[in-house]
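K.L.:
Quick one: sequence and predicted model below, then my questions.
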Amino acid sequence: MSAGPERTCLGCRQVRPKRMLIRLVRGADGRVRADAAGMGRGAYVCPTEECLRQALSKGRLGHAFKRPTEPPADSPAAMRAAARDVTRGKEGDRLWQDA
């Protein structure tokens, strides 16, 4: 029996339960942001700074969204804060303390 949906992290490429990952979406302006359950195509990363950094590099976002994608307009600190807000109270929230 499955523990629920699983997704692959864009950073480390590990498959994890969806509830432990941060969902990234591409806005109409082409910028990426953290989003809990927006509509449309999403990409997932582990809630660790290393995975977030890797996902934002190497062209992985453009590949995941199948169109040109701009890195977040927010500073890395703001992106981490948004990611923490998305995962707060979720199982993945504890990974921020481990990193």
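P.N.:
Nice, I can see it.
K.L.:
So for stretch 42-59, mean pLDDT?
P.N.:
Taken as a whole, stretch 42-59 carries a mean pLDDT of 84.
K.L.:
For the protein, name the helix or strand with the lowest mean pLDDT.
P.N.:
helix 93-98 (a mean of 45; mean pLDDT, DSSP states H and E).
K.L.:
Grab the nearest non-local neighbour of Leu21.
P.N.:
What sits nearest to Leu21 in space, not counting adjacent residues and going by C-beta to C-beta, 6 or more residues apart in numbering, is Tyr44, at 4.1 Å. The C-beta positions use only the backbone N, C-alpha and C, and glycine is treated the same way.
K.L.:
Secondary structure element holding that neighbour?
P.N.:
strand 42-45 (DSSP states H and E).
K.L.:
same check, this time on Arg23
P.N.:
Going by DSSP H and E, Arg23 is part of strand 22-26.
K.L.:
ok, whichever helix or strand comes after that strand: who's next to it in the sheet?
P.N.:
With elements assigned by DSSP H and E, the helix or strand that comes after strand 22-26 is strand 32-34. Strand 32-34 has the following strand partners under DSSP bridges: strand 22-26 (antiparallel).
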